[in-house]
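Trainee: only geometry, no sequence info:
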C-alpha cells in the first residue's frame, strides 16, 4: 500500500487516551446526576464525536449532548488531556516512515487545539507536516469532514493518501473521501468493526503497520 501521504487518527492510534477521556466523560455525566464508577464502561467514547456518543449511550438530546461536551472539556483541558500514553512502537514507526520520505499528518475528531497540545507533549511534532482536527464549535467534527479539511488544506490527492485508524469512523471517513484505509487492532475497535466498515488492511501492531505503509 505505497502512498506518499499518510493520515493518522490520534486517540487509540498514536496514543492511548483511555484514562483521560473516560474520566472526562465520568465528570460530565456526574453533572447530570449519572454515576458511572467503572471507567471501562466508558471506553466506547474513545474515537467517535462526543456529541454522538452522549446521544447514543445516554439518550441525551442534541442540546444536552452539546452542553455535556462543554462540561467534559472542563476536566479534559485541565487534567484529562495528559492522562494519556504513547502507543508502543509508534515513535519508531513514525521515524521510519518519515525517513522513507512519507509525509505524515494527523486527522482527528478531537479539537485541533487539544490534538496539537498532545502531539507537543509527546514530542511528536517533528514527524508531522500538519496536525488537523475538529473545531471547537463542532462544525467540523465528523471524521470524513476532518479528513477532507486536511486534504484540501495540504493539497493532497486521494490516490496518494491512506488513512490509519482504530475505529469504524476512520474507515468510513476515508472511504467518503476516496482514499485507502488501514485499521489497527491496538486501539479500541475490533477486527469485526473494522472489517464491517471496509478496511482494506488490518494490522496488529506498529511493526506490521510500518511494513504495510512502506512497502
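Mentor: Now that the structure is in, tell me what you want to look at. Computed from a predicted model, the values in this text were never measured in an experiment.
Trainee: for the protein, what spans make up the helices?
Mentor: 18-31, 50-58, 62-78, 90-99, 112-121, 143-154, 168-176, 191-197, 206-214 (DSSP state H).
Trainee: any idea which of those is most buried?
Mentor: Most buried of the helices of the chain, by mean neighbour count (mean count of other C-beta atoms under 10 Å): helix 168-176, with a mean of 24. Placement of C-beta: from N, CA and C, glycine included.
Trainee: looking at that one now, give me its mean pLDDT.
Mentor: For helix 168-176, mean pLDDT is 97.
Trainee: how much does that helix deviate in direction from helix 50-58?
Mentor: 130 degrees (axes from the mean of the first three to the mean of the last three C-alpha atoms, to 10 degrees).
Trainee: which residues are contacting helix 168-176?
Mentor: 7, 9, 13, 47-49, 107, 109, 142-148, 162-165, 180-181, 183, 189, 193-194, 196-199 (C-beta atoms under 8 Å, 6 or more residues apart in numbering).
Trainee: would JSON lines of the helices of the chain with distance to residue 39 be doable?
Mentor: JSON lines is the format used below for those (distance: least, C-beta to C-beta, whole Å):
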{"stretch": "helix 18-31", "distance to residue 39": "4"}
{"stretch": "helix 50-58", "distance to residue 39": "14"}
{"stretch": "helix 62-78", "distance to residue 39": "13"}
{"stretch": "helix 90-99", "distance to residue 39": "23"}
{"stretch": "helix 112-121", "distance to residue 39": "19"}
{"stretch": "helix 143-154", "distance to residue 39": "24"}
{"stretch": "helix 168-176", "distance to residue 39": "21"}
{"stretch": "helix 191-197", "distance to residue 39": "21"}
{"stretch": "helix 206-214", "distance to residue 39": "25"}
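Trainee: ok, which of these comes nearest residue 129?
Mentor: Closest to residue 129 of the helices of the chain is helix 143-154 (C-beta to C-beta; 6.7 Å).
Trainee: how far away is the residue located most distally from the centre of the chain from residue 58?
Mentor: Largest separation from the mean C-alpha position in the chain: residue 33, at 28.5 Å (C-alpha atoms, centre = their mean). The gap separating residue 33 from residue 58 is 11 Å, by C-beta to C-beta, to the nearest Å.
Trainee: and residue 71, by the same measure?
Mentor: 13 Å.
Trainee: care to break this structure down by domain?
Mentor: Here the domain parsing of the chain from automatic domain parsing is 5-16+85-214, 18-82.
Trainee: hmm, residue 79 is touching residue 19, no?
Mentor: No - in this structure, residue 79 is not within contact of residue 19 by C-beta atoms under 8 Å, at 9.7 Å.
Trainee: and for the nearest residue to residue 112 once chain neighbours are set aside, the neighbour number?
Mentor: Excluding the flanking residues, the one nearest residue 112 by C-beta to C-beta, 6 or more residues apart in numbering is residue 133, at 3.5 Å. Neighbour count of residue 133, defined by other C-beta atoms under 10 Å: 23.
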